[in-house]
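K.L.:
Dropping a prediction and its sequence here:
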Amino acid sequence: MRLNKSQSGFADKRMVVTVSLSITSAVFLGLFIWALISYLGQKSDVDTRIANAVSVAEKNQADADEIKFAKIEKEPNREFVGPDDYGRVTFKYPKTWSVYIDKDVTNGGTFSAYLNPVTVPPVSNSQQFALRVTIEEKDYDKVIASYDSAVKKGDLRSSSVTANGVNGTRLDGSFSKDIRGSAAIFKIRDKTLTIRSDADTFKPDFDKLVATVKFNQ
């Protein structure tokens, strides 16, 4: 009888321990699952933030590279060279521009060249070009005098400009109803060089270009 009571008490204790362990295991399992879910949620949030940050950084870099590439593409790294008999005029111009030489001046006459982004359109007095280069067999003073009326009316503003150590005349404003831009005019021996931009859009390029002008005296 006593043995049965002892065995019964032992069984009850074992049951209590088993139940306690089961409850404890269930609690730890619940805590583990909660921690795992919380970790996965936080990891997902961190991964999303990292992915977004990487995406933004890549876009910013791509934008910066595009701006840098566009700037490099437009750098004046091609050289224009005029005829030796006409002072061998040289200057740097954007490599995205094309050049058209109007005619051969081996036997004299007016040298004319036209520069424009990508393609050069048909030549006419009203057509706008990024740059016109003219070397005339005319006296410098007479060429300047031809603009006097426009300067007096206020259509053009006259100022001084220097290139290759030589002083010249700069004109800014309206040259005609279709042409509004800037021009730099220099005396080359018995000839006159005129470099003109036909639109204010090209003024920054024109200013850089004129700074690189060189010619033989």
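P.N.:
That came through, no problem. Numbering: from 1, shown residues only.
K.L.:
Going along the chain, name the helices of this protein.
P.N.:
2-73, 140-145, 148-153, 203-210 (DSSP state H).
K.L.:
Now that we have those helices, can you turn them into CSV and tack on mean pLDDT and distance to Gly173?
P.N.:
The C-beta positions use only the backbone N, C-alpha and C, and glycine is treated the same way. Below are those laid out as CSV (pLDDT from 0 to 100; distance: least, CB to CB, whole Å):
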stretch, mean pLDDT, distance to Gly173
helix 2-73, 73, 29
helix 140-145, 97, 15
helix 148-153, 97, 8
helix 203-210, 95, 12
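K.L.:
Would you mind saying which of those helices lies nearest Leu193?
P.N.:
The closest of the helices of the chain to Leu193 is helix 140-145. By CB to CB, the value is 8.9 Å.
K.L.:
same for the closest one, what does it pack against?
P.N.:
With contacts taken as 3 or more CB pairs under 8 Å, 6 or more residues apart in numbering; DSSP states H and E, helix 140-145 sits against strand 180-188, strand 191-197.
K.L.:
Give me whichever of the helices of the chain is most buried.
P.N.:
Here the criterion is mean neighbour count by mean count of other CB atoms under 10 Å, and of the helices of the chain the winner is helix 203-210, at a mean of 18.
K.L.:
Looking at the helices of the chain, which is nearest to Asn125?
P.N.:
That would be, of the helices of the chain and by CB to CB, helix 148-153, which comes in at 14.9 Å.
K.L.:
List of residues touching the closest one?
P.N.:
Defining contact as CB atoms under 8 Å, 6 or more residues apart in numbering, one finds that helix 148-153 is touched by Leu156, Arg157, Ser158, Leu171, Gly173, Ser174, Phe175.
K.L.:
Can you say which of the helices and strands packed on helix 140-145 is nearest to Asp45?
P.N.:
strand 191-197 (56.0 Å).
K.L.:
Note down every partner strand of the closest one and its orientation.
P.N.:
Sheet pairing of strand 191-197 (DSSP bridges) gives strand 131-136 (antiparallel), strand 180-188 (antiparallel).
K.L.:
Adding distance to Asn167, write the helices of the chain out as TSV.
P.N.:
As requested, the helices of the chain are exported to TSV (distance: least, CB to CB, whole Å):
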stretch	distance to Asn167
helix 2-73	32
helix 140-145	11
helix 148-153	17
helix 203-210	13
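K.L.:
Tell me which of those helices approaches Asn164 most closely.
P.N.:
The closest of the helices of the chain to Asn164 is helix 203-210. By CB to CB, the value is 10.4 Å.
K.L.:
now for the closest one, which elements pack on it?
P.N.:
Under the contact criterion of 3+ CB pairs under 8 Å, 6+ apart, helix 203-210 touches strand 90-93, strand 131-136, strand 180-188, strand 191-197.
K.L.:
Which one of those strands lies nearest to Asn60?
P.N.:
When the helices and strands packed on helix 203-210 are ranked by proximity to Asn60 (CB to CB), strand 90-93 comes first, at 31.4 Å.
K.L.:
what's next to that closest one, contact-wise?
P.N.:
With CB under 8 Å, 6+ apart, strand 90-93 has contacts from 76-82, 99, 115, 131, 195, 205, 208-210, 212-215.
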